[in-house]
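Trainee: Pasting a predicted model and its sequence here:
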Amino acid sequence: MRKGKLSPRGDGPFKVLEKINDNAYKIDLPSEYNVHNVFNVSDVSSCVVVSYYPWAERLKNNATVECNDNGAEFLEVQDSIIPSPSDYGPLVSPVSKIKQECVEKTFDFSASKLSALQALVESEAIQYPTRNEVVNALVYKCAANAASSANPHQLVQYMNIRESTSPPLPPTSIGNILTVFSTPIHKGDLGLAKIVADIRKSKNNCSTTRNNEHNEWVSEILNAYSTGKGTFHQRDCDVYISTSLCKYPFQELDFGWGKPSRARLGGHSISKYFALMNTHDGGIHVSVHLTEKEMSIFENDKHLLQFATPDQQQ
């Protein structure tokens, strides 16, 4: 927003409270400005973006967004946009997540340790456990054991559904074309084989679901939007969220100055969250987010340290 001639040339951003008409908007100004808070479009700077809408379309069903540009209204201001105001909700500004008190630490599972972990699980009657299955199971088990409460708990994992759509989409398709699948709610300490079996069964069930008609992730978002609470906050248990990026070739990226010696995700402020990435030597690098108290227990878990090494570069 632009001020008077003798004032600084701009200020903000400020929230749009109300659309008066096509040329005038009511702005949420601090009281110390002592000016009327209805402004002409010409007085709204192109750099002001006060909110973000995830959809400019209509929800067609429980899993589909119809791209017809009839969704949220937008005001074009020079080379930027200001969306119409909306009520409070988790998707008003989804680019900024609710911050939680947590710390991040990373752990490396070498190729040899992964093989040993897979052999351990396979010895308990689980056929051909995958690297992702055993790492997710161990990290989830140790994180749940480190929890400060005795609440029941559940593991939720993201799943890429490009290949399962009809017709299948190419892996380079842009967008969050995904869903989630959840293990049953667990209580107490569980064996690794039991957790791996639950992960596998839940994933298989998700793979056979018509995710273009019923998508658990979309249902979770819509539920959060209607209640004004965050995703997974409606479940009667502690939810641990995991995402695997092991199929993404981060280690092969080359922007002209060589491939990276290592790669990692940016920081997150969400507790009970972990992410998996490949390493150069065929291992898996895991980023774990827990409260400080829980992390102090987790990082000293003897079962975890039997297979994982704390990252010395963090």
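Mentor: In hand now; what should we look at?
Trainee: Give the residue spans of the stretch 101-250 of the chain that score low on pLDDT.
Mentor: Confidence mapping of the stretch 101-250 of the chain against pLDDT under 70 gives the ranges 211-213.
Trainee: Asn37 is in contact with Ile20, correct?
Mentor: No. Counting by Cβ atoms under 8 Å, Ile20 sits too far from Asn37 to count as a contact (10.7 Å). From N, CA and C alone the C-beta is placed, and that goes for glycine too.
Trainee: where do the contact lists of those two overlap?
Mentor: Shared contacts of Ile20 and Asn37, defined by Cβ atoms under 8 Å, 6 or more residues apart in numbering, comprise Lys26.
Trainee: So for these two, which sits in the more crowded spot?
Mentor: Regarding Ile20 and Asn37, a neighbour count based on other Cβ atoms under 10 Å identifies Asn37 as having more, with 15 against 12.
Trainee: Can you name the residues that contact the more buried one?
Mentor: Remark: with contacts taken as Cβ under 8 Å, 6+ apart, Asn37 is in contact with Leu17, Lys26, Ile27, Asp28, Leu29.
Trainee: With adjacent residues omitted, what lies nearest to it?
Mentor: Nearest residue to Asn37 in three dimensions, chain neighbours excluded: Leu29, at 4.6 Å (Cβ to Cβ, 6 or more residues apart in numbering).
Trainee: For that neighbour, the count of nearby residues, please.
Mentor: Residues near Leu29, counting by other Cβ under 10 Å: 19.
Trainee: Pro167 too?
Mentor: For Pro167, the tally of surrounding residues (other Cβ under 10 Å) stands at 4.
Trainee: before we move on, back to that, look at the residue nearest to Asn37 and tell me its secondary structure.
Mentor: Secondary structure assignment for Leu29 (DSSP: H, G, I helix; E, B strand; the rest coil): coil.
Trainee: what does Ala116 give?
Mentor: Going by three-state DSSP: Ala116 is helix.
Trainee: Make a PyMOL selection of the buried ones in the contacts of Asn37.
Mentor: Command for PyMOL that selects the buried part of the contacts of Asn37, burial taken from 16 or more other Cβ atoms under 10 Å:
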select buried, resi 26+27+29
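Trainee: What count of nearby residues applies to Leu120?
Mentor: Applying the criterion other Cβ under 10 Å, we find 17 residues in the vicinity of Leu120.
Trainee: so where do the helices sit in the stretch 201-314 of the chain?
Mentor: 216-227, 292-298, 302-305 (DSSP state H, counting those that start in this stretch).
Trainee: can you give me how far the shortest one is from the chain middle?
Mentor: A distance of 27 Å separates the C-alpha centroid of helix 302-305 from that of its chain, computed with Cα atoms, centre = their mean, to the nearest Å.
Trainee: can I get the CA coordinates of it in CSV?
Mentor: Output in CSV follows, covering the C-alpha atoms of helix 302-305 (Å, rounded to 0.1, in the frame of the first residue of the first chain):
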residue,chain,number,x,y,z
LYS,A,302,19.8,-48.9,21.7
HIS,A,303,17.7,-50.6,19.0
LEU,A,304,17.9,-47.5,16.8
LEU,A,305,21.7,-47.1,17.2
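Trainee: mind listing what's buried in that helix?
Mentor: Neighbour counts over helix 302-305 (16+ other Cβ under 10 Å) mark Leu304 as buried.
Trainee: residues in contact with that helix?
Mentor: Phe107, Leu138, Val139, Lys141, Cys142, Phe298.
Trainee: Please repeat the previous calculation with a cut-off of 6 Å.
Mentor: Where contact means Cβ atoms under 6 Å, 6 or more residues apart in numbering, the residues beyond helix 302-305 that reach it are Cys142.
Trainee: Just the CA trace of stretch 217-230, in PDB.
Mentor: Taking C-alpha atoms only, stretch 217-230 is exported to PDB below (Å, rounded to 0.1, in the frame of the first residue of the first chain):
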ATOM      1  CA  TRP A 217      -5.500 -37.300   1.900                       C
ATOM      2  CA  VAL A 218      -8.100 -35.200   0.200                       C
ATOM      3  CA  SER A 219     -10.600 -36.300   2.900                       C
ATOM      4  CA  GLU A 220      -8.200 -35.300   5.600                       C
ATOM      5  CA  ILE A 221      -7.700 -31.800   4.000                       C
ATOM      6  CA  LEU A 222     -11.500 -31.200   3.600                       C
ATOM      7  CA  ASN A 223     -12.100 -32.300   7.200                       C
ATOM      8  CA  ALA A 224      -9.400 -29.900   8.400                       C
ATOM      9  CA  TYR A 225     -10.900 -27.100   6.300                       C
ATOM     10  CA  SER A 226     -14.400 -27.700   7.600                       C
ATOM     11  CA  THR A 227     -13.300 -27.900  11.300                       C
ATOM     12  CA  GLY A 228     -10.700 -25.200  11.300                       C
ATOM     13  CA  LYS A 229      -8.100 -27.600  12.700                       C
ATOM     14  CA  GLY A 230      -5.000 -29.000  11.200                       C
END
